[in-house]
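> Sequence first, predicted model second:
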Amino acid sequence: MGLFRFCVKRLALLVPVLVGVTILTFLIARVVVPNPARAWAGLKASQATVQAIGMRYHLNDPLYVQYYYYVRDLLSGDWGISPVTGQPVLENISAFFPATLELAIVAIIIAATLGIPLGVYAAVRQDKPVDHAVRLFALGTYCLPPFLMALVMQLVVFYWLRLLPSGGRLSPFIQAPPRITGLLILDSILTGNVQSLGSSIVHILLPATALALLTFGLITRLTRSNMLEILRQDYVRTARAKGLPERVVVFKHALRNGLISIVTVLALLFAWMLSGAIVIEYIFNWPGIGRYAVQSILALDLPAVMGTTLVFTLCVVLVNLVADIGYAALDPRIRLD
Amino acid sequence: MSLLDKNELRLTGRYLLRNKLSLAGGIVAGVYLVLAALVTLTGDLLLPHDPFVQNYAQALMPPSVTHLFGTDDLGRDIFSRVIAGTPFDAQIAFVVVLISLALGGSIGAFAGYLGGRAEEIMMRVTDIFLSFPALVLAMAVAIAIGPGLTNAMMALLVVWWPWYARIGRGEALSIKSSQYIEAAHAAGLSGFQVVIRHVLPNILMPLLVYATLDISNVVLTGSILSFIGLGAQPPTPEWGRMVFDGQDYLSGAWWMSVIPATAIFIVVLAFSLFGDGLRDAFDPRLRRR
C-alpha cells in the first residue's frame, strides 16, 4: 500500500535528522562552551565536583567517544542534572510539558477559528477595503513582539478591567484535579471537577489568546492566498455555473481544498508558536517549558537550557512528520513514491 | 554587467511610490536608521536627559512634558533611553543580515554551481540547522557562549546563514546553465573564478531583496533574545532589555515596558512593510497587477 510505504520511508528519513540535531546540540553543549565541565557542574561547584562531572560525562575523552555517551545518556533518559535546582532536567521538563501543550492546543484552536474565516473573507473580497484591512492586521500581528502583546493584554484585561486573572493555571484556593494527562482542562472534565474546570479555563484564556494572536497573521495570510488561487480554478467555476449558492461554493468546494495545504505549514506555525510561548509563559507565569527555559537562562543553567532546546526541536521535527504524513493522506494528488 | 538596467530600476521606484504603505514603512525605517547613526556619532549630546544618570526623587514618573515617556524605577528618562537605544537593534540587524548574506550566499552559490557531493553535504547541513526553531537554537548558542550584545549577534549568525545558503543555492542553480556562464568557462576561467566573478554578482539582487525583508525578523528575534537576558546587559539602554526590566512595574508604571516594546514593534513593522513592497516591486508578475 502506497501510504504505508510512504510512512516507513518518511520515518527512515527521521534518523539522519535526529542524528544531525543531536550532533549540533552536542557541539553546543560540549565544544562551544568554553569550560564544559564547569558549566555542567555549576558555577559555584567545587573543584572535586567539576572533576566528578568531567568523569561522569567522559569530558576528557575524544569527541566521538563523548558523543557516543551523550546519545546513550539521552536515550536512557539521563539529560543531566541542573546545577541550579539539583533536579534531573528530563524530570522537570516532563513535569512542565503538559502545561505548554495545553496552552498551544487552546491557542491553535483560537487562532484557527479566527484566522481561517477571516482569510476566506479577505480572499472573497479581494482588493476591497476589507481585504486591505485584514491584510494589514495580519501583517501587524506577524510583526508584534510577543512581550508587547502579552504585556498590553495583561495591563488592560487584568490591571485595568479586572476581567481575567493575570497568570498561573488555577486560582490558589482551588484544588487541582489528580494528574491524569497533565492537561488541567481535560483532567477536570475526566474527574468531573467543575470548579477546577472553570478556573483553568479562565486562567488559560489570556495567555492562549496572546499566543493565538501571534500565529493568527500567518494563518490568515496563508488561507487568503490559498483561497485566491483555488477560487480561480475550473472546478470552482463549474460549481458556480451549476447554480450552487456562493456560500456552498466557497466553504464546501473551495475551503476544503484550501485547508489541506494549511497542514503543510503546521510545523512552521508550531515552531513559531513555541518561540512565542517562551516569552508569553514567562510573562503570564504559566508553568510550562517556556517559562522553565527563561528561568534556566536567567540562572545560566546550561543543562536545563540544552534540555529545553532538544525538547522544542523534537516537537517541531515530530509535528513536521505528522504534517507530511497527514498531507499525503489527505491529498490523493501528491505522489507517494 | 550591471545588476539591473536603468529602466527596471525606474519601474521599481515607481511601483514603490505607488505602494503607499511600503513607502511609509521605508520612511519610518529611514528615520530610525538616521536616528541610530546620529546617536552613534554624537553620543548623548542630542538627548534631553542623560540616559544613565539615576535620580531616585524622579523615579517611576508618568509621561509628562519634561519626561515625554516617563521615567523608570531608577529615575532615568525613558525617552532619552529609547533614543539612546536606537543603534543596538540596527547594529544587530545589519551585522547579522550582511554577514549571513555574504557567508551563506557564497556557500550556497558554490554548492549550487559545483553540484554533486558538495551540494549534497551543504543541503544536509542546512537541513539540520533549519530543523531547529530559530529562537531556540540562538538561545542555546547564546547561553553556551555567555550573554552579551556581541555574543547575541554570534548566536543569531549561527542560526541565520543557512537561509541564505538555501536561497543562494537555488539562484545559482537557476543561472548555472546560462550562456554567459558557459562562455566564462570557455574563456578558461576556473570554477572558483566563475563563481566569484559571474555567479555571485548575478544572484546578489534576489539575496538583497530577501535581506531587506529579513531585517525585521532579525530585529524581532534579537529583541526576544535580549528580553530573556541573553543580549545587552544593564545599564545598556537596549529596548528588549528595557522591556524585561520594566515588566515587574507593569501595574504602576506601564510606560517602562510598553513604550520600548512599542518602539520594537514600529521598527519591525516598518522594515517588514518596506521589504514586502521591495519584493513585490522586483517581482514582475506581481507588479503588473
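Received it, and whenever you're ready, just let me know what you need.
> Now for A:Asp331: which residues touch it?
Under the criterion of C-beta atoms under 8 Å, 6 or more residues apart in numbering or on different chains, the neighbours of A:Asp331 are A:Ile260. For every residue, glycine as well, the C-beta is placed using N, CA and C.
> Just the local confidence number for it, please.
A:Asp331 is assigned 74 on the pLDDT scale.
> repeat for A:Glu281
A:Glu281 is assigned 95 on the pLDDT scale.
> Which residue is the nearest non-sequential neighbour of it?
On the basis of C-beta to C-beta, 6 or more residues apart in numbering or on different chains, the spatially nearest residue to A:Glu281 that is not a chain neighbour turns out to be A:Gly290, at 3.6 Å.
> ok, now B:Gln247?
Distances taken as C-beta to C-beta, 6+ apart place B:Ser257 nearest to B:Gln247, at 4.8 Å, with adjacent residues excluded.
> wait, isn't the one you found in contact with B:Gly246?
Yes - counting by C-beta atoms under 8 Å, B:Ser257 sits close enough to B:Gly246 to count as a contact (3.2 Å).
> More neighbours: those two, which one.
Set B:Ser257 next to B:Gly246 and count neighbours by other C-beta atoms under 10 Å in any protein chain shown: B:Ser257 wins out with 27 against 23.
> For the helix or strand hosting that one, what does the pLDDT average out to?
Secondary structure from DSSP states H and E places B:Ser257 in helix B:255-282. With pLDDT averaged residue by residue, helix B:255-282 scores 91.
> after the helix or strand containing A:Leu218 comes which helix or strand?
Element membership of A:Leu218, judged by DSSP H and E, is helix A:194-231. Under the assignment DSSP H and E, the closest C-terminal helix or strand after helix A:194-231 is helix A:234-241.
> Residues in contact with that next one: which ones?
Outside of helix A:234-241, the residues that reach it under the criterion C-beta under 8 Å, 6+ apart are A:230, A:246, A:248-249, A:253-254.
> buried set for the following helix or strand past it?
Taking DSSP H and E as the definition, the helix or strand that follows helix A:234-241 towards the C-terminus is helix A:246-248. With burial defined by 16 or more other C-beta atoms under 10 Å in any protein chain shown, not one residue of helix A:246-248 is counted as buried.
> So which other helices or strands are in contact with helix A:246-248?
The helices and strands touching helix A:246-248, judged by 3 or more C-beta pairs under 8 Å, 6 or more residues apart in numbering or on different chains; DSSP states H and E, number zero.
> between the helix or strand following that helix and helix A:194-231, how many degrees?
Sequence order places helix A:255-264 as the next helix or strand after helix A:246-248, per DSSP H and E. Between the axis of helix A:255-264 and that of helix A:194-231 there is an angle of 110 degrees, by axes from the mean of the first three to the mean of the last three C-alpha atoms, to 10 degrees.
> who's in contact with helix A:255-264?
Taking contacts as C-beta under 8 Å, 6+ apart, the residues outside helix A:255-264 that touch it are A:116, A:120, A:219, A:222-223, A:226-227, A:230, A:323, A:326-327, A:330-331.
> Just the buried subset of those residues, please.
A residue is treated as buried here by neighbour count (16+ other C-beta under 10 Å); on that basis the buried members of these are A:116, A:120, A:219, A:222-223, A:226-227, A:230, A:323, A:327, A:330.
> on that earlier part again, and the helix holding A:Leu218, does that touch chain B?
No - Helix A:194-231 does not reach chain B (C-beta under 8 Å from any C-beta of the partner chain); its nearest approach is 10.6 Å.
> and the angle for that helix with helix A:234-241?
100 degrees.
> Tell me how far A:Val33 lies from chain B.
Counting by C-beta to the nearest C-beta, to the nearest Å, the separation of A:Val33 from chain B is 5 Å.
> Under the pLDDT cut-off, which ranges of the chain? List them.
Since no chain was named, I'll use chain A. Residues of chain A that meet the criterion pLDDT under 70 lie in A:1, A:266-267, A:333-337.
> Correction: the question concerned chain B.
Applying pLDDT under 70 to chain B picks out residues B:1-12, B:15-18, B:283-289.
> ok, A:Cys143 to A:Phe284 distance?
Between A:Cys143 and A:Phe284 the distance is 21 Å, computed by C-beta to C-beta, to the nearest Å.
> what sits against the residue in the stretch 51-200 of chain B positioned nearest to chain A?
Using C-beta to the nearest C-beta, the point where the stretch 51-200 of chain B gets nearest to chain A is B:Ile128, with a distance of 3.4 Å. Taking C-beta under 8 Å, 6+ apart as the contact definition, B:Ile128 lies against A:17, A:20-21, A:23-24.
> returning to that earlier point: and the two most separated of the buried ones among the contacts of helix A:255-264?
Farthest-apart pair in the buried ones among the contacts of helix A:255-264 is A:Val120 and A:Ala323; separation 21.2 Å (C-beta to C-beta).
> Check the burial of residue 22 by counting its neighbours.
Using chain A. Counted with other C-beta under 10 Å, A:Thr22 comes out at 19.
> that answer is for a different chain, and I need it for chain B
Taking other C-beta under 10 Å as the neighbour definition, B:Ser22 ends up with a count of 23.
> In this structure it contacts B:Ser272, no?
No - under the criterion of C-beta under 8 Å, B:Ser22 lies out of contact with B:Ser272, with a separation of 9.3 Å.
> one step back: between A:Cys143 and A:Phe284, which one's more packed in?
Neighbours per residue, other C-beta under 10 Å: of A:Cys143 and A:Phe284, the larger number sits with A:Phe284, 28 against 23.
> show me the contacts for that one.
A:150, A:154, A:166-168, A:206-207, A:210.
> any chance of those residues in CSV, plus distance to A:Gln66 and neighbour count?
Supplementary listing: those in CSV, determined by distance: C-beta to C-beta, whole Å; neighbours: other C-beta atoms under 10 Å in any protein chain shown:
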residue, distance to A:Gln66, neighbour count
A:Ala150, 39, 29
A:Gln154, 44, 24
A:Ser166, 45, 19
A:Gly167, 40, 18
A:Gly168, 41, 15
A:Leu206, 44, 22
A:Pro207, 39, 30
A:Ala210, 41, 29
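> for these, which one is nearest chain B?
Comparing the contacts of A:Phe284 against chain B with C-beta to the nearest C-beta picks out A:Gln154 as the nearest, at 6.4 Å.
> Quick check, the closest one in contact with B:Leu250.
Yes - the criterion here is C-beta under 8 Å, and A:Gln154 meets it with B:Leu250 at 6.4 Å.
> Around the nearest residue to B:Asn55 once chain neighbours are set aside, count how many other residues there are.
In space, and not counting its chain neighbours, B:Asn55 is closest to B:Gly75: 3.6 Å by C-beta to C-beta, 6+ apart. B:Gly75: 17 surrounding residues under other C-beta under 10 Å.
> What strand or helix carries B:Gly75?
With elements taken from DSSP H and E, nothing contains B:Gly75; it lies in neither a helix nor a strand.
> show me what contacts it?
B:Gly75 sits in contact with B:54-61, where contact means C-beta under 8 Å, 6+ apart.
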